[in-house]
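Undergrad: everything below, folded, please.
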Amino acid sequence: MSSAAELKQNDNLFIHPWDDMAKIGKHERTLLDRGEGVYVYDSDGNRLLDAPAGMWCVNVGHGRQEIAQAVYDQIMALTYVSPWSMTTGPAAEFAAQLAELSPGDLNHVFFATGGSTAVDSALRFAHFYNNMRGMPNKKHIISQKRGYHGSTYLGGSVSGKERDKSNLHFETELVHHIDAPHPLHKPAGISDADFLDHCVANLENMIAEVGAENCAIFVAEPILASGGVIVPPAGYHQRCLEVCRNNDMLYLSDEVVTAFGRLGHCFASEDVFGIVPDIITTAKGLTSGYIPMGAFLVSDRLIDEIKQKGGDTAVFSNGFTYSGHPVAAAAGIKNLEIMQREKLFEQARDTGPYLQQQMQTLRDIPIVRDVRGMGLMACVECELIQGKDDLAMDYEIGNLIDKHCQKLGLIVRPIINMCVMSPPLTITREQIDDMVSMLRQGILLALEEIENAEATSTGADSRHPSPAA
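TA: All right, here's what the predicted structure looks like:
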């Protein structure tokens, strides 16, 4: 077995997601060995509270022997069959469970390999649906700036994070982005009601510009997760769904992050935001990250219409070798059983508001620009100079906070200058207190390091706004 030092060096042969090519060969990433509950342990034996739950996904926590046993049992019973011509008990059972839990008439399930392929497949389904209706021009997709919908070509094109758009090619003719409904960017002097109207008008105006006869689908995360945990104004999704209905457009609710308890319910679309969309995409908490899997759920109404109008030609020529993989389905079934038996959705409805309350205590730190979130999703946004958009400076503060938090025993997910938290549903109030305390210390230590460096190099006062600012 290779030593920890050898493994860290070998890691430079692994091209990670969003890897900085200039640093390949020089990376020294933290090497994690094991996990238990809300904690993971690095190769030096240090315990770290896993505040991002991996990446929004380890909802039932690490080290669940029940899931490991379910995976083992399924592997020994039947490892794999082709989903083209056959099925398995776990895939069929899991599909039925998801249909039972989904809102409205979203009773049909397409299994994918993760969130990206689930979104990509759902968008292709929208095109397929309109082809079957005899509307081949109705293909355009509207989504939001700062939204994230995956890394396939189409999913990446629909994503709206501008800083991810620099070096790759994307579909631009069929994909259109509107401003994110970000309350932090509400114009001064405008009421909440007027801001809501403004955000909905962005969608209406884009549809008018493209032409309703050309618009197939609107894609929206209930909360824009990787964009910085952006919580839209109340009523936004309901109003946008109404706009879609009025323009014969489908509504896709991308619940890759928000489903399976992140907001205290199995699905957030209806229970939290009051909508029954046409399609829901999900992944991450679907198996709590134990085995890769994704899915989209689609309305019976759409299936029935395709049957009626497509006839024998209605073949949805889209799928994956691992669609409905029996081992992944077995992990998903056991994951859902744990969530329901241990009442983790109910627990999240209790600890979520407490997390939000405790996170708000960080607002007194001078460089904290905003604290926002809902349920077990939260973001602390920092800036070194008030009102200044400087990418290098933003990366500097984010990386420093990450470094100091790890030394203190906390993993955060730094998204440039934002610290994102999405802990396992099993987290307790005491562990939330520890998490927020370590985050506070990490931000203050990062600020102190910057101030000391400035004092050494220039002798000038620090860049951050004063506490009174």
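
Undergrad: max-length helix in the protein?
TA: When the chain is scanned for its longest helix (criterion: DSSP state H), the result is helix 429-457.

Undergrad: buried residues in that helix?
TA: 431-432, 434-436, 438-440, 442-447, 450, 454 (16 or more other C-beta atoms under 10 Å). Glycine gets a C-beta too; all of them are placed from N, C-alpha and C.

Undergrad: that helix - contacts with which helices or strands?
TA: Using 3 or more C-beta pairs under 8 Å, 6 or more residues apart in numbering; DSSP states H and E, the elements in contact with helix 429-457 are strand 47-50, helix 344-359, strand 377-382, helix 391-408, strand 410-411, strand 418-421.

Undergrad: okay, the angle between the longest one and helix 429-457?
TA: Translated: helix 391-408. 130 degrees (axes from the mean of the first three to the mean of the last three C-alpha atoms, to 10 degrees).

Undergrad: same question for helix 391-408, mean pLDDT?
TA: Mean pLDDT, helix 391-408: 90.

Undergrad: which residues touch that helix?
TA: 30, 48, 163, 367, 382-385, 411-412, 414-419, 438-439, 441-443, 445-446, 449-450 (C-beta atoms under 8 Å, 6 or more residues apart in numbering).

Undergrad: check the third one too.
TA: Contacts with strand 377-382, where a contact means C-beta under 8 Å, 6+ apart, come from 56, 184, 223, 225, 228-229, 257-258, 262-263, 355-356, 359, 362, 367-373, 397-398, 401, 417-422, 439, 443.

Undergrad: and these, which are buried?
TA: Among the contacts of strand 377-382, those buried by neighbour count (16+ other C-beta under 10 Å) are 56, 223, 225, 228-229, 257-258, 262-263, 355-356, 359, 362, 367-373, 397-398, 401, 417-422, 439, 443.

Undergrad: domain boundaries for this protein, per the record?
TA: Residue ranges for the domains of the chain, per automatic domain parsing: 31-60+343-457, 65-341.

Undergrad: rebuild the ones you listed as a markdown table, extending it with distance to Lys8.
TA: Putting these into a markdown table (distance: least, C-beta to C-beta, whole Å) gives the following:
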| stretch | distance to Lys8 |
| --- | --- |
| domain 31-60+343-457 | 6 |
| domain 65-341 | 23 |
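
Undergrad: what about Pro366, is that helix, strand or coil?
TA: Assigned by DSSP: H, G, I helix; E, B strand; the rest coil, the conformation of Pro366 is coil.

Undergrad: could you do Arg369 as well?
TA: Of the three states, Arg369 takes strand according to three-state DSSP.

Undergrad: which residues touch it?
TA: Contact analysis of Arg369 by C-beta under 8 Å, 6+ apart lists 381-383, 386.

Undergrad: out of these, which is most surrounded?
TA: The most crowded member of these, judged by other C-beta atoms under 10 Å, is Cys382 (25 neighbours).

Undergrad: what bridges to that one?
TA: Beta-bridge partners recorded for Cys382 (DSSP bridges): Val368.

Undergrad: tell me how far it lies from Ile415.
TA: Distance of Cys382 to Ile415, computed by C-beta to C-beta, to the nearest Å: 11 Å.

Undergrad: and for Leu203?
TA: Between Leu203 and Ile415 the computed distance is 25 Å (C-beta to C-beta).

Undergrad: distance from the chain centre to the longest helix of the chain, please.
TA: Computed by C-alpha atoms, centre = their mean, to the nearest Å, the chain-centroid distance of helix 429-457 equals 26 Å.

Undergrad: ditto for stretch 312-323
TA: 26 Å.

Undergrad: mind listing what's buried in stretch 55-71?
TA: Residues 55-62, 64, 67, 70-71 are the ones in stretch 55-71 that count as buried (16+ other C-beta under 10 Å).

Undergrad: typo on my end, stretch 376-389
TA: Buried residues in stretch 376-389, counted by 16+ other C-beta under 10 Å: 376-384.

Undergrad: ok, of these, which one's closest to Cys215?
TA: Taking C-beta to C-beta as the measure, Cys215 lies nearest Met377 of the buried residues of stretch 376-389, at 29.4 Å.

Undergrad: ranges for the helices of the chain?
TA: Remark: helices assigned in the chain by DSSP H are 4-10, 53-56, 65-77, 89-101, 115-132, 153-158, 192-210, 236-246, 268-271, 300-310, 326-341, 344-359, 391-408, 429-457.

Undergrad: between those, which one is closest to Lys26.
TA: Nearest of the helices of the chain (C-beta to C-beta): helix 4-10, 10.4 Å.

Undergrad: list phi and psi for the nearest residue in space to Gly227 that is not next to it in sequence.
TA: Excluding the flanking residues, the one nearest Gly227 by C-beta to C-beta, 6 or more residues apart in numbering is Arg146, at 3.3 Å. With angles defined as degrees, to the nearest 10, Arg146 sits at phi 70, psi 0.

Undergrad: tell me which residues touch Arg146, please.
TA: Contacts for Arg146 (C-beta under 8 Å, 6+ apart) come out as 160-162, 180, 182, 224, 227-228, 230.

Undergrad: mind running it again at 10 Å?
TA: Residues in contact with Arg146 (C-beta atoms under 10 Å, 6 or more residues apart in numbering) are 159-163, 177, 179-182, 221, 224-228, 230.

Undergrad: also Pro292?
TA: Neighbours of Pro292 in contact, by C-beta under 10 Å, 6+ apart: 57, 112-115, 117, 283-284, 286, 322, 325, 328, 331.

Undergrad: and for Phe273?
TA: Neighbouring residues of Phe273 by C-beta under 10 Å, 6+ apart: 220, 222-223, 232, 234-238, 241, 253, 258, 263, 267.

Undergrad: equivalent analysis for Leu444, please.
TA: 362, 365-367, 401, 404.

Undergrad: okay, those residues in JSON lines with distance to Lys26 next?
TA: Listed next are the contacts of Leu444 as JSON lines, based on distance: C-beta to C-beta, whole Å:
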{"residue": "Leu362", "distance to Lys26": "33"}
{"residue": "Ile365", "distance to Lys26": "32"}
{"residue": "Pro366", "distance to Lys26": "33"}
{"residue": "Ile367", "distance to Lys26": "28"}
{"residue": "Ile401", "distance to Lys26": "21"}
{"residue": "His404", "distance to Lys26": "21"}
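
Undergrad: for ChimeraX, write the select line for the buried members of the contacts of Arg146.
TA: Selection of buried members from those for ChimeraX, criterion 16+ other C-beta under 10 Å:
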select :159,160,161,177,180,181,182,221,224,225,226,227,228,230
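
Undergrad: from the contacts of Arg146, which land in strands?
TA: His177 (DSSP state E).

Undergrad: which residues of this protein score low on pLDDT?
TA: Counting by pLDDT under 70, the chain contains low-confidence residues at 387-389, 458-469.

Undergrad: before we move on, back to that, which one of the helices of the chain lies closest to Pro83?
TA: Comparison of the helices of the chain against Pro83 by C-beta to C-beta identifies helix 89-101 as nearest, at 7.3 Å.

Undergrad: with just CA atoms, put the closest one into PDB.
TA: Extracted C-alpha coordinates of helix 89-101, given in PDB (Å, rounded to 0.1, in the frame of the first residue of the first chain):
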ATOM      1  CA  GLY A  89     -36.200  -5.800  -8.600                       C
ATOM      2  CA  PRO A  90     -34.200  -2.900  -7.000                       C
ATOM      3  CA  ALA A  91     -34.700  -0.600 -10.100                       C
ATOM      4  CA  ALA A  92     -38.400  -1.300 -10.300                       C
ATOM      5  CA  GLU A  93     -39.000  -1.000  -6.500                       C
ATOM      6  CA  PHE A  94     -37.000   2.300  -6.300                       C
ATOM      7  CA  ALA A  95     -38.900   3.800  -9.200                       C
ATOM      8  CA  ALA A  96     -42.200   3.000  -7.400                       C
ATOM      9  CA  GLN A  97     -41.000   4.500  -4.200                       C
ATOM     10  CA  LEU A  98     -39.900   7.700  -5.900                       C
ATOM     11  CA  ALA A  99     -43.200   7.900  -7.700                       C
ATOM     12  CA  GLU A 100     -45.100   7.600  -4.500                       C
ATOM     13  CA  LEU A 101     -43.100  10.400  -2.800                       C
END
